[in-house]
Structures are given as C-alpha cells and as structure tokens.
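Asks: structure of the sequence below:
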Amino acid sequence: MTLNAIHTILFNMHILYSLALAIWAAVMAGRNQSISGNYWGAVATSTILAGVVLLLGIIMSLQGLRLARTTVYFLYMAWLVIIMPGLYSMLRGRDDRSAAIAFSLLSFFNVFTSISMFQRGLITPWLPQ
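Replies: Numbers count the residues shown, from 1 in each chain. I've put the predicted structure just below:
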C-alpha cells in the first residue's frame, strides 16, 4: 500500500470521525448535558489524526510528490490540526451547552471543509513533480 493510499484512507477516517464528533456534541447539547471527559479525549484524537494526515502530506512532499495546489492543501490541513484545540482554548475549557453547540458546529464545518478538499482535488493524487 502506498503512502498516497494510506493518506487518503486516514483523511476519510478524519471526515467520519469529525462527523461522529459533530453528532455527539449535538446530542449532548440537545440533552442539555455538559461535555464529558470522553468527548475531550475524542477531540484530542481527532486533532492527532489530522496531525498524522498532515505529517504524511509533508513526507510525501519531501519525497517529491505534489498536488495541483500543494500550498492550499497545507493551509487547510493546518486549519484542521489547530482549530479544535483553538476552540477549546477560546472557550477556556467550558463544558456547558453553549460549548457543546460550538463544538458541534465546528465539527460539522470541518466535515464540509474536508469534503470540499476532496472535491477540489486537494487530497489526491500526489504525483511526482
């Protein structure tokens, strides 16, 4: 299996994981529950997963593989890596209903951003330059 295939699989996994986070946070907000420690761990896992995808992109770039718009790819991936911890720090660790709504909306936004990356050809194919 090539790095390109692994990168695509992990990116798909990140989309589905973000969708699960969005639904989970929406359910917590709908039930007026506070955000649990399990959710915070899942947010950390999502960030790590996006970081691994970005790391694979860097490795492929160092091997001489490129996308049509590599710079845009790296900007989007940087967004996906830093935005969830960024929202956590902006909310100062709040775990109320409003925070759950914010995390749900951001996770849905990440899902649609990632799908848009696929549609624009920012994920695959990585070709020799």
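Asks: next helix or strand past the longest helix seen in the chain?
Replies: When the chain is parsed with DSSP state H, its longest helix is helix 3-30. Counting by DSSP states H and E, the element after helix 3-30 in chain order, helix or strand, is helix 37-62.
Asks: give me the mean pLDDT for whichever helix or strand comes after that following helix.
Replies: Using DSSP H and E, the helix or strand that follows helix 37-62 towards the C-terminus is strand 65-66. On average, the pLDDT along strand 65-66 is 90.
Asks: and the contacts of the following helix or strand past strand 65-66?
Replies: Counting by DSSP H and E, the element after strand 65-66 in chain order, helix or strand, is helix 70-90. By C-beta atoms under 8 Å, 6 or more residues apart in numbering, the residues outside helix 70-90 that reach it are 14, 40, 43, 46-47, 50-51, 53-54, 57, 61, 67, 102-103, 106-107, 110, 113-114, 117, 120, 122-123. (Each C-beta comes from the backbone N, C-alpha and C, glycine too.)
Asks: what subset of those is buried?
Replies: Buried members of the contacts of helix 70-90, counted by 16 or more other C-beta atoms under 10 Å: 14, 43, 46-47, 50, 53-54, 57, 61, 67, 102-103, 106-107, 110, 114, 117, 122-123.
Asks: shouldn't Gly121 be within a helix?
Replies: No - using DSSP: H, G, I helix; E, B strand; the rest coil, the secondary structure at Gly121 is coil, not a helix.
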